[in-house]
Structures are given as C-alpha cells and as structure tokens.
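[1] no FASTA, just this:
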Ligand SMILES: Nc1ncnc2c1ncn2[C@@H]1O[C@H](COP(=O)(O)OP(=O)(O)OP(=O)(O)O)[C@@H](O)[C@H]1O
C-alpha cells in the first residue's frame, strides 16, 4: 500500500494536528528527551523555547523522523499526525517529510539552480503534470517566501549564489513547494537580518491560515510575536505548554518564569 494514503484520508482530529505521547530520545546512553507528551494544534504556530541543549531541536526532529538520520538516536513513544502513527513501519519517511516539511537554522540550498531547488520536491513527488505546472508551483512558492521579485530574473543561477537571507527564503520556498501540512522551523531567522526576519515572520503568519507551524526560537520576542502556543523545555523535560500569552505573562512553573525573565538560559 502507498504509505501516505494512510494520511491522505485523515484530517486533524479535534483541532490536534500532531499528538506526541511519552516521547523519549536517547543518543547512545544520553537521555536527551524525557517523556514528552504534547498536542500540536492545527492551523496554529507553536513555539518551542528553552535554554541551549534542553532538547528543542531533538523533539522537533522527532516530528518528521529526521532523527532516523542520526545513527545514535533512539526514539520511543508515539507520535501521530492526524491520528496516524508516523513511526508505523508502513510509513515512508521521505513521503512523511513532504507532509511535514523542515527549515533548518543554517540555510542549506542544494548545489542547483534557484528553480531546481524549489522544483526538486514537487518533481520527486509527482506534483506537476508538465513543465507549465511546475513553473507555476515554483513561482507560487517563491512568491509566498517573499523571494520572487529578487529571484525571477535569475531562476537558472545557483541557489548558493544568493545572500544568506535570500538562501533561507529559498529553503522556505523549497519546503512549502510540496504543500506540507506542517512546517517545522529550527531557528529559521538566526542567520537573518531584521528585514529578512520580519519577512519570514510575516510568512509564518500567513502559513498558519492553512498549515501548522512549529518554530524553535531563542528569541522570546519572536515567540511572543509569531506563536499562539508555547512549549518551554528544560533539561530534556517539557516543563510547561500553553497559550503563548499566558506562558509569557503568567507562567505556572518557576523554571519557566526564571527563563523568560532571563534568570536561566
Ligand atoms: N546528533 C547528536 N548526537 C548526540 N547528542 C546529541 C545530538 N544532537 C543533540 N544531542 C544532545 O542532546 C541534547 C539536546 O540537544 P538539542 O540540540 O535537541 O537541544 P536544543 O534545545 O535544540 O539546543 P540549542 O538551543 O542549543 O539548539 C544535548 O545534550 C545535545 O548535546
């Protein structure tokens, strides 16, 4: 059976796009993530915050099985997308990652043209019937990533020739070209200037009309600006999770309060 049919029939269950239950991650003997359970809301932006090394990226990578690519990593517990177990052995991780896309901290365009960077995913997943359709997908993704104006006259130039901020927007265009349902962003603005950061934040806001976005950020201002839900991690534990406004103004755990007030981190 084609694995992604498992997902195609499904829709978010009670507003929950991803449900993680009892997730643990070990790297060899090191216990990096401890019994994390969380519901990621549909059509919301969820921010993961917490001090360096607390497990934010580790957990983010669980959500599209990127930890499969790290030989030392062992993931236990369950994670369901639209009620379907993403660790089911019938699920092809490559197909899963088209649905649950990812943008990394450091822009990592392929050593290909701007056009081919964006066209790559739609091509391998057969999303375009012909060149005209592919052109349309590429243009739409570049427009949504706020890169079209700068890129439209140099689509055949190498993606690596763009500035850092442009490269990151190219990577976002690449990730959204396959129309993912969830977009995971691991500190996507850390290499960007304030203008490019504002553009990416605007895009995140727009994306949440249709998708779930999960963003790891060290900037509490950014978490407060872009997210509706915030999860605070500390030493591999999910300490607190809730409405962003409540987490920042009235956290219930003293560790959260210490972090947001700058006393730990
Ligand atoms: N590939 C890996 N191999 C071994 N240990 C790892 C690996 N990736 C992360 N770790 C360890 O797991 C723990 C959590 O790391 P992780 O990168 O998830 O934290 P983080 O909260 O995202 O940190 P940062 O904010 O600095 O990016 C750390 O102790 C880290 O050293």
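    In hand now; what should we look at? If you're wondering where the values come from, they're calculated on a predicted model, not measured in any experiment. Residues are numbered from 1 along each chain as shown.

[2] Show me where the stretch 151-265 of the chain has its helices.
    164-176, 194-207, 220-226, 244-249, 254-260 (DSSP state H, counting those that start in this stretch).

[3] and the shortest one, what does it pack onto?
    In terms of contacts (3 or more Cβ pairs under 8 Å, 6 or more residues apart in numbering; DSSP states H and E), helix 244-249 is packed against helix 220-226, strand 229-234, helix 254-260. Heads up, the C-betas are built off the backbone N, CA and C, glycines and all.

[4] Give me the distance between the closest residue to residue 50 other than its chain neighbours and the ligand.
    Of all residues not flanking residue 50 in the chain, residue 233 sits nearest, at 3.6 Å (Cβ to Cβ, 6 or more residues apart in numbering). Counting by Cβ to the nearest ligand atom, to the nearest Å, the separation of residue 233 from the ligand is 6 Å.

[5] need the contact list for residue 33.
    Residues in contact with residue 33 (Cβ atoms under 8 Å, 6 or more residues apart in numbering) are 23-25, 55, 58-59, 62, 236.

[6] no wait, residue 25
    Contacts of residue 25 by Cβ under 8 Å, 6+ apart are 31-33, 55, 58-59, 62, 67, 73-76.

[7] Looking at pLDDT only, which of the residues you listed scores worst?
    The lowest pLDDT within the contacts of residue 25 belongs to residue 67, with 93.

[8] who's in contact with it?
    Shown in contact with residue 67 (Cβ under 8 Å, 6+ apart): 25, 58, 61, 73, 75.

[9] Same list (the helices of the stretch 151-265 of the chain) but as JSON lines, adding mean neighbour count.
    Output for these, formatted as JSON lines (neighbours: other Cβ atoms under 10 Å):
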{"stretch": "helix 164-176", "mean neighbour count": "24"}
{"stretch": "helix 194-207", "mean neighbour count": "16"}
{"stretch": "helix 220-226", "mean neighbour count": "19"}
{"stretch": "helix 244-249", "mean neighbour count": "17"}
{"stretch": "helix 254-260", "mean neighbour count": "18"}
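
[10] Which stretch among those helices approaches the ligand most closely?
    In terms of Cβ to the nearest ligand atom, the element of these nearest to the ligand is helix 254-260, at 11.8 Å.

[11] Mean confidence (pLDDT) on that closest one, please.
    94.

[12] Do that helix and the ligand come into contact?
    No - Helix 254-260 lies apart from the ligand when judged by Cβ under 6 Å from any ligand atom; the minimum separation is 11.8 Å.

[13] Any chance you could list what contacts that helix?
    49-51, 220, 232, 234, 239-240, 247-248, 251, 264-265.

[14] quick one: least confident of those residues?
    Within the set of the contacts of helix 254-260, pLDDT is lowest for residue 265 (58).

[15] Pull out the buried residues from the contacts of residue 25.
    Buried members of those, scored by 16 or more other Cβ atoms under 10 Å, are 32-33, 55, 58-59, 62, 67, 73, 75.

[16] Restricting to those, which residues neighbour the ligand?
    Applying Cβ under 6 Å from any ligand atom to the buried ones among the contacts of residue 25, those adjacent to the ligand are 32, 55, 58.

[17] Please convert those to TSV, extending it with secondary structure.
    Output for these, formatted as TSV (DSSP: H, G, I helix; E, B strand; the rest coil):
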residue	secondary structure
32	strand
55	coil
58	helix
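
[18] what does the protein have sitting close to the ligand?
    With Cβ under 6 Å from any ligand atom as the criterion, the chain meets the ligand at residues 27, 30, 32, 50, 52-58, 70, 72.

[19] Mind putting those residues into CSV with distance to residue 143?
    Below are the residues of the chain next to the ligand laid out as CSV (distance: Cβ to Cβ, whole Å):
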residue, distance to residue 143
27, 40
30, 43
32, 38
50, 34
52, 35
53, 37
54, 36
55, 35
56, 30
57, 29
58, 33
70, 34
72, 40
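
[20] ChimeraX command for the buried members of those?
    Buried members of the residues of the chain next to the ligand, defined by 16+ other Cβ under 10 Å, are picked up in ChimeraX with:
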select :32,50,54,55,56,57,58
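
[21] Determine which two of the contacts of residue 33 are furthest apart.
    Greatest spatial distance in the contacts of residue 33: 62 and 236, 12.6 Å, computed using Cβ to Cβ.
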